[in-house]
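Chemist: What would the 3D arrangement of this be:
(chains A and B)
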Amino acid sequence: MPAGGGLPVNPALPEMRLHVGAGPHGAKVLAAAAWGPPGTAPGLAWAPPGEHVVPFLTQPCLPALQLDSGAVLFSPNAICRYFFLLSGKEQDDVANQWLEWEATELQPAVSAALYLQLVQGKPGEEALAPVREALAHVDQGLAQRGTTYLTGDAESVADVVVWGALFPLFQDGSCLPDNLGLLGSWFRSMSQLAPCRAAAAAVLTPEGARELRAHLQRQPVPSPASKRPATNEPEEEESAEHALSEEDIAAAADAWAQGTAALPEPWQPQHPVLPVAGRKNVLITSALPYVNNVPHLGNIIGCVLSADVFARYCRLRNWNTLYVCGTDEYGTATETKAMEEGLTPRQICDKYHAIHARVYSWFGISFDYFGRTTTPQQTTIAQDIFGRLLERGFLRSDMVEQLRCERCQRFLADRFVEGVCPFCAYEEARGDQCDKCGRLINAIELKKPQCKICHDSPVVKSSQHLFLDLPKLEQRLEQWLEQSWATGDWTANARFITRSWLRDGLRPRCITRDLAWGTPVPLDGFRDKVFYVWFDAPIGYLSITANYTDQWERWWKNPEQVELYNFMAKDNVPFHSVVFPCSLLGAEDGYTLVNHLVATEYLNYEDGKFSKSRGVGVFGDMAKDTGIPADVWRFYLLSLRPEGQDSAFSWADLLLRNNSELLNNLGNFVNRAGMFVCKFFGGCVPEMELSPDDKRLLARVGLELRHYTQLLDKVRIRDALRCVLNISRHGNQYIQVNEPWKRIKGNDADRGRASTVTGVAVNMACLLSIMLQPYMPSISASIQDQLRAPPACCVLPSAFVCTLPPGHRIGTVTPLFQKLENDQVEALRKRFGGGQPEDDALEPQAKAAPPKPPTPGVDLQKVKELSEEVAKQGTHVRELKAAKVEKGQIDTEVAKLLELKRQLVLVEGRPLEPPAPKGKRKK
Amino acid sequence: MAAAAGPRLGAEELGLLEKSLGLAKGNKYGAQGERKTPVLQTNNGPSLIGLTTIATHLVKQAKKEQLLGNTAEEKAIVQQWLEYRVIQVDGQSNKEDTRIILKDLNSYLEDKVYLAGNNFTLADILMYYGLHHIMVDLTVQEKEKYLNVSRWFNHVQHYPGIRQHLSSIVFIKNRLYTNAH
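Modeler: Here you go, the predicted structure:
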């Protein structure tokens, strides 16, 4: 029993403090406090409205109980529980259930009723409407248990909490509905208990009533729990179903009946593709991959593959589309690579350009032109833009202090210096940026700089350089951005990164470098220098187009007719949204500027990063060797495209998605639909008599198709793929429910049904072949081939139409996908490294670098020996491959090579890119 | 395509909980009312209604009472966050609600490993299930903004047996958006 009715302010224990305010929960907690063991009554504080007692909550929240430990309870029910728990009164299932019900159902209802009563002044009966159901629930609860109190024959925390909730509304209980007798007597006996009486007296003052009304007025208009919106939002797929109206269904049936006649003629652009007046002209670029790196899966999904899906989609929409890309070839890295391999930079570029082209061609990337930056056109265009910027006063020259490695006899590009970050003291900061704190760094600011090649300390030397005067162009840039953002689709990360650059203020940016391998600077005093790759590289888009057609200016100096999409990973954003637009704006030559900047986040590998130096991850040229078809790779990469957040490649996931989504869902549906036509109808699409259920299906498919189009218009590539899979899921269900293989053996009506279901299903398969085209072009082609789809099927229809009419003869149907086996995938996982155990917790703040051997010094002799061995083994492997010896033998030698490489990395004690074993990538 | 726990999982969520508690599967759950409140029909007695009520019951059934808290204070805190989960997290109806929830949790978790302090409890489990569909949609930038929530969430998703078929959410190790407030 409670120790007493009073509510003493206990000076002995000032730490535990109960803050009470004007809200409706005061009575509840005040009463419950009396159930605490003697001597534990909390100090009491009346808090004025709006006071923040709970430090971590945004909204003011009362009552709140501050405990001795410093913890704060802010839930009235938890406070009540706490007092009972202190006296050793645990809550059983029944009490828990009452408390949960009180919080989720009763409180919202009481708030609504109080609002009607006190704020709107509604009379008793009307004001009580929201709580009627709840009151009946309490009455029934008492009746069912047959006890005096809610959980038994003694009062418990459940009684205090429910009484406390009802008290502000009923006070003396005289307004309780007469027909709920048990409720009435329970309420009155609760009100007689000393703690409740005392609590009632404490809150039932005139000020208390006024404050309660004021409190209610400050709250949003409450509505009873059961009518709250959005708490039980239906699943996406359900909502699609609910959204179907009778009109939708009728419209879907009409569209279906129109057949291929309703489809537009496929647009066949002239070659070369040039903008056409009156058509939508889409120019698509993908960030230019740097030539001497074999791209990994993350690079592929981030740029070329994403852009490819979109380009294919644009062509499918009959838009006049040009997709260009190429290798970025100038710069220090190429020079270094050339030195390593004993070739000229040109030879290196030729060699790696071919590797890139092969990788992308294997992935089915549909470039209209895949070029390179080391062409005469690049020189002409870059020098022209440079000249115009110079004439207009947007360039200035300045002395630059640069790091020079005397041992390597060269100026060190940013990526060849490493040192301690001047801002956060991170030890492996790069010359241009710190990976830990993310700040941009000027290489000479690095503490303890080191040449990444020879680990010598470089010296600071100064030389004259040219700068693009970004501050002078800032205002034009902002004006242009404002307009581009208002009308174009820029991903959120692209906007964010651009905004943060502008906020920090633009600074002049150096556009020249002391190198030989680059576009020469056509200005006296600078003739021994070349353009810095970030001034030069984006101009590659223009020069690559110029290599494709001499009428390139019709694309690039035509902002009225052309819509430009740039695809890239987020690290490339500032150069496409700030630096390059400034060059083009300053040149004042009517250039086409980016309308839609689409940037992805990063793709991780298993639980870490792709790392060529550690041999972790799958690289472009190896994907082919896995034996997994290119379209399956495309599907998997696109289904985890890092839109909005990073995602991670995982072998287990690849297996799961191949086997569940491709094989069991998509492949299974398409195959069954075709097989039924062949087996039951002699290979000809049968007659269809649409029932209301069939029409509903047509409407549902049409809805997914519309959704797909809306998403792809906004370049939501991953989300749109889900619509495709939803359609085949609907299709499988449709076949499963209608069982054409059984009905075909039945009576006339059954056979008619089998015929309709087969016809609709095979038409769905045909629609899927169109929608799949951007994602899995060769699967799409083989479905169309198997179904002998008409030429109209290379345009995306705006509704689901019957493209394979009755009588249409289809071809031979064969399975589209193969099952991936566990051991097969496990072997691949081992081969490509990576994969920490599942439960190996990743600390968000933890350093990404792999554990390093404790010895700070690197055994240079050992490094040298190993490097030589790696080189030797690399040559050996190359010779074997050239001699076309059997695969097993090559694999053994490659394994040896990889092991040597691994040892080398360990001895070097750092994950830097070591001189790559020669010929390793060469196939 | 990755499984995300949506709002009002009800039965499915309790299935996950059963499995993580090591209980033999066998309970059938119904749903009641417009809010699809889960209902458990027990063998001996009337049915139990409500997510936190049933969850608490399952923990006792699995004899893992430590998950409900050890002291009076801890027990009250666990129940408080369970209630918060059902009322605030499940009741959020717009972006602003979500923002406040993440902000408040982030500031609460600033000096705590788990919701009840240093011990992993039922509150962490149900909050994890309830937040999964929100976390899955957060951008890298938001995950950094709610760093304490991210840290806590990552802890819980790696806690043995909790995540099950729900997609593992990636948190990057290095901060990218250092200028974010």
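Chemist: Could you report the pLDDT at residue 15?
Modeler: You didn't pick a chain, so chain A it is. At A:E15, the model reports a pLDDT of 69.
Chemist: look at chain B instead
Modeler: So, for B:G15, pLDDT stands at 87.
Chemist: That one falls within a strand, correct?
Modeler: No - under DSSP: H, G, I helix; E, B strand; the rest coil, B:G15 sits outside any strand and is assigned helix.
Chemist: can you pull the contacts of it?
Modeler: With contact taken as CB atoms under 8 Å, 6 or more residues apart in numbering or on different chains, B:G15 is in contact with B:25, B:29. From N, CA and C alone the C-beta is placed, and that goes for glycine too.
Chemist: For the stretch 401-550 of chain A, which residues are neighbours of chain B?
Modeler: A:435-439, A:492-493, A:496, A:500, A:503-504 (CB under 8 Å from any CB of the partner chain).
Chemist: got the end-to-end distance for stretch A:582-594?
Modeler: Taking CA to CA, to the nearest Å as the measure, stretch A:582-594 stretches 12 Å from start to finish.
Chemist: What average pLDDT does it get?
Modeler: If you average the pLDDT over stretch A:582-594, you get 96.
Chemist: Ok, stretch A:673-693 next?
Modeler: Mean predicted lDDT for stretch A:673-693 stands at 95.
Chemist: Using PDB, list the CA coordinates for that stretch.
Modeler: This file holds the C-alpha atoms of stretch A:673-693, laid out as PDB (Å, rounded to 0.1, in the frame of the first residue of the first chain):
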ATOM      1  CA  ALA A 673       4.800 -18.200 -70.900                       C
ATOM      2  CA  GLY A 674       6.800 -19.200 -74.100                       C
ATOM      3  CA  MET A 675       6.600 -23.000 -73.300                       C
ATOM      4  CA  PHE A 676       2.800 -22.900 -72.900                       C
ATOM      5  CA  VAL A 677       2.500 -21.300 -76.300                       C
ATOM      6  CA  CYS A 678       4.800 -24.000 -77.800                       C
ATOM      7  CA  LYS A 679       3.400 -27.000 -76.000                       C
ATOM      8  CA  PHE A 680      -0.300 -26.300 -75.900                       C
ATOM      9  CA  PHE A 681      -0.900 -24.100 -79.000                       C
ATOM     10  CA  GLY A 682       1.600 -25.300 -81.500                       C
ATOM     11  CA  GLY A 683       3.800 -22.300 -81.200                       C
ATOM     12  CA  CYS A 684       1.100 -19.800 -82.200                       C
ATOM     13  CA  VAL A 685      -0.200 -17.200 -79.700                       C
ATOM     14  CA  PRO A 686      -3.800 -18.300 -78.900                       C
ATOM     15  CA  GLU A 687      -7.000 -16.300 -78.800                       C
ATOM     16  CA  MET A 688      -7.700 -14.200 -75.800                       C
ATOM     17  CA  GLU A 689     -11.100 -13.400 -74.200                       C
ATOM     18  CA  LEU A 690     -10.300 -10.900 -71.400                       C
ATOM     19  CA  SER A 691     -12.100 -11.400 -68.100                       C
ATOM     20  CA  PRO A 692     -12.400  -8.600 -65.500                       C
ATOM     21  CA  ASP A 693      -9.500 -10.200 -63.600                       C
END
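Chemist: Okay, buried residues for that stretch please.
Modeler: Residues A:673-678, A:680-681, A:683, A:685-686, A:688, A:690 are the ones in stretch A:673-693 that count as buried (16 or more other CB atoms under 10 Å in any protein chain shown).
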